[in-house]
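*Asks:* pasting the sequence and the predicted model now:
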Amino acid sequence: MIGVNKVILVGNVGKSPDVVSFPSEGSVPVKKASFPLATTEYRRSRDNERVEITEWHNVVCWRGLADVAERILVKGAQVYIEGRLQSRSWEDKEGNKRHITEVVADNLLLLSNRQRNEENPQHTNPLVDILNSTTEPLGDLPF
């Protein structure tokens with residue numbers, strides 16, 4: 001039987017991404033961005049009072065998506081994340097067994113206006129700059 005490992009989250013970034021670059025065989029290092037994401041649900045208690053329930057998720061972005069996350073995400077930004085769950089364990093310096101479950105993001109979409117833009121506060125969409133700076137002219141198209 002084939003399994004499905006798919007996660008879709010909409011929530012708020014808990015803090016700006018921590019970014020680490022790892023050396024690779026090629027000339028470009030591999031980048032990893034990680035950040036906490038809060039998802040909040042509202043339910044009614046037995047007393048019919050509105051109760052807020054917040055879950056925290058560890059999100060990891062790799063390579064190009066890590067670069068995008070580093071450029072546009074700040075604490076409080078609302079984002080849509082698509083990815084998969086990944087669990088891992090290790091032993092810390094004191095010899096304690098540690099476990100973590102992370103959401104490895106495949107897709108990230110900024111939903112709010114809260115974004116990193118220290119240089120030009122009037123500019124509202126850093127994705128336009130990213131797309132314009134990293135794309136090359138298409139030249140003559142065959143159609």
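*Replies:* On my side now, so go ahead.
*Asks:* name the element Arg71 belongs to?
*Replies:* Arg71 belongs to helix 63-72 when assigned by DSSP states H and E.
*Asks:* mind checking the pLDDT average for that helix?
*Replies:* Taken as a whole, helix 63-72 carries a mean pLDDT of 93.
*Asks:* immediately after that helix, which helix or strand?
*Replies:* The C-terminal neighbour of helix 63-72 among helices and strands, as given by DSSP H and E, is strand 78-91.
*Asks:* show me what that next one is packed against.
*Replies:* Where contact means 3 or more Cβ pairs under 8 Å, 6 or more residues apart in numbering; DSSP states H and E, strand 78-91 is packed against strand 7-13, strand 50-62, strand 97-110. From N, CA and C alone the C-beta is placed, and that goes for glycine too.
*Asks:* can you rerun that using 10 Å?
*Replies:* Secondary structure elements in contact with strand 78-91, counted by 3 or more Cβ pairs under 10 Å, 6 or more residues apart in numbering; DSSP states H and E, are strand 7-13, strand 30-44, strand 50-62, helix 63-72, strand 97-110.
*Asks:* one step back: any buried residues in the helix holding Arg71, and which?
*Replies:* Neighbour-count burial for helix 63-72 flags Leu65, Ala66, Asp67, Val68, Ala69, Glu70, Arg71, Ile72 (criterion: 16 or more other Cβ atoms under 10 Å).
*Asks:* want to throw these into CSV with distance to Ser45?
*Replies:* Supplementary listing: the buried residues of helix 63-72 in CSV, determined by distance: Cβ to Cβ, whole Å:
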residue, distance to Ser45
Leu65, 39
Ala66, 40
Asp67, 43
Val68, 40
Ala69, 36
Glu70, 40
Arg71, 41
Ile72, 37
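*Asks:* tell me which of those residues is nearest to Ser21?
*Replies:* Sorting the buried residues of helix 63-72 by how near they are to Ser21, with Cβ to Cβ, puts Ala66 at the top with 8.9 Å.
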